[in-house]
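Chemist: Sequence first, then the predicted structure, then my questions.
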Amino acid sequence: MDADVRSRLDNLTKPKDSLGRLEDIVVQFCSVRGTLEPHIEKKTIFTFAGDHGVAEEGVSAYPKAVTPQMVRNMLAGGAAVNVLARHVGAEVRVVDIGVDDPLENAPGLVRRKVRMGTSNIARGPAMTVDEALRAIHVGIELAREAQKDGAALLGVGDMGIANTTPSAALYAALLPAPVEEVTGRGTGIDDNALSRKVNVIKRALTVNRDSLSDALNALAAVGGFEIAGITGVILGAASCRIPVVVDGFISSAGALVACRMCDRLKDYLFFSHCSQESGHKAFFRRFGVEPLLDLGMRLGEGTGAALAVSLIEAAVKIYNEMATFGSAGVSGRSTT
């Protein structure tokens, strides 16, 4: 498959390999989809929303009330992910998988709440293993529903105050990596709050140390419902041969959990961008993958995924729509 795709790319009216990573993207896309005739008719971005008990430790610059407020903003089409998704022709589906608010009168919301927020990971497990499995299955079911709706490319994003804290804890446990290396300022905390956040994560890893030996138990111990939903989308999409565009720091934590469950899932993923959150560079270095973009972003929501969707779609259009040397009557590279 890969050789056949490369052969067509080499016959397009351009110097060999001159489109760089765009060519790698289309090779990967065709390999995942299992086709030499790729098309992307429909793109869907799932933005999972959940709250975190660890927010009570003062690890975020914003109050927990922002989570449901931003969910409503997304449903009204006013968030950054909405704008960028409209720009690239992608659908945004906002999923309440663990918001600590009933979110009544919220038209368009995908209601899959497992529980109203996780418990404080600095004092014990975030959720039970059964709850983690339920959240993962939410993602799996949504990915399979999207496949039935005609989606050929999925994106994942997040919304949840304090969710860089459980994400950093998962990186520390599963990469593994020193806490200081994977912990950043999140929504913009100062030096004192950053020091407190590092200590909170270390306490979480100590309190939950007997549950960190495998991906599922680590997810339940120090993760979040939106992270588990992202893990599920990756698992479900792979079973349908649909590539997934991973957003930023939090979505990469979900991807890490999925890949620790099955290392081959890495082949199904496009990592959209390197977040400004400092631990994201450590993740890419230690995990051995390279993001498509580096724009200094750190918003989440699926914004980076939306931008990367346009790159992937451009790569597929190059493959499908460029003339070959033969069809255009252009002389190929001299062999002498």
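Modeler: Thanks, I have it. Predicted model only: the values in this text are computed from it and were never measured. Numbering: from 1, shown residues only.

Chemist: Am I right that Pro176 is in a strand?
Modeler: No - checked against DSSP: H, G, I helix; E, B strand; the rest coil, Pro176 lies outside a strand; its state is coil.

Chemist: What separation is there between it and Leu256?
Modeler: Distance of Pro176 to Leu256, given as Cβ to Cβ, to the nearest Å: 11 Å. Glycine gets a C-beta too; all of them are placed from N, C-alpha and C.

Chemist: which of these two has more neighbours?
Modeler: Legend: neighbour count by other Cβ atoms under 10 Å for Pro176 and Leu256, higher for Leu256 (26 against 12).

Chemist: now the strands for the stretch 1-150 of the chain?
Modeler: 42-50, 91-98, 110-111 (DSSP state E, counting those that start in this stretch).

Chemist: among these, which is nearest Thr164?
Modeler: strand 42-50 (13.1 Å; Cβ to Cβ).

Chemist: Which other helices and strands does that closest one contact?
Modeler: Packing partners of strand 42-50 (3 or more Cβ pairs under 8 Å, 6 or more residues apart in numbering; DSSP states H and E): helix 66-75, helix 80-88, strand 91-98, helix 129-148, strand 151-159, helix 225-239, helix 303-321.

Chemist: pLDDT on the fourth one, on average?
Modeler: This means helix 129-148. The pLDDT scores in helix 129-148 average 98.

Chemist: again, but for the shortest one
Modeler: Across strand 91-98, pLDDT averages out at 98.

Chemist: Using PDB, write out every CA atom in that strand.
Modeler: Output in PDB follows, covering the C-alpha atoms of strand 91-98 (Å, rounded to 0.1, in the frame of the first residue of the first chain):
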ATOM      1  CA  GLU A  91     -18.500  19.400  12.400                       C
ATOM      2  CA  VAL A  92     -18.000  20.000  16.200                       C
ATOM      3  CA  ARG A  93     -19.800  17.700  18.600                       C
ATOM      4  CA  VAL A  94     -19.600  18.900  22.300                       C
ATOM      5  CA  VAL A  95     -19.800  15.900  24.700                       C
ATOM      6  CA  ASP A  96     -20.600  16.300  28.400                       C
ATOM      7  CA  ILE A  97     -18.800  13.300  29.800                       C
ATOM      8  CA  GLY A  98     -18.200  14.600  33.300                       C
END
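
Chemist: Reformat the helices and strands packed on strand 42-50 as a markdown table; add distance to Lys113 and mean neighbour count.
Modeler: Output for these, formatted as a markdown table (distance: least, Cβ to Cβ, whole Å; neighbours: other Cβ atoms under 10 Å):
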| stretch | distance to Lys113 | mean neighbour count |
| --- | --- | --- |
| helix 66-75 | 11 | 20 |
| helix 80-88 | 20 | 19 |
| strand 91-98 | 5 | 25 |
| helix 129-148 | 9 | 20 |
| strand 151-159 | 14 | 29 |
| helix 225-239 | 8 | 29 |
| helix 303-321 | 23 | 21 |
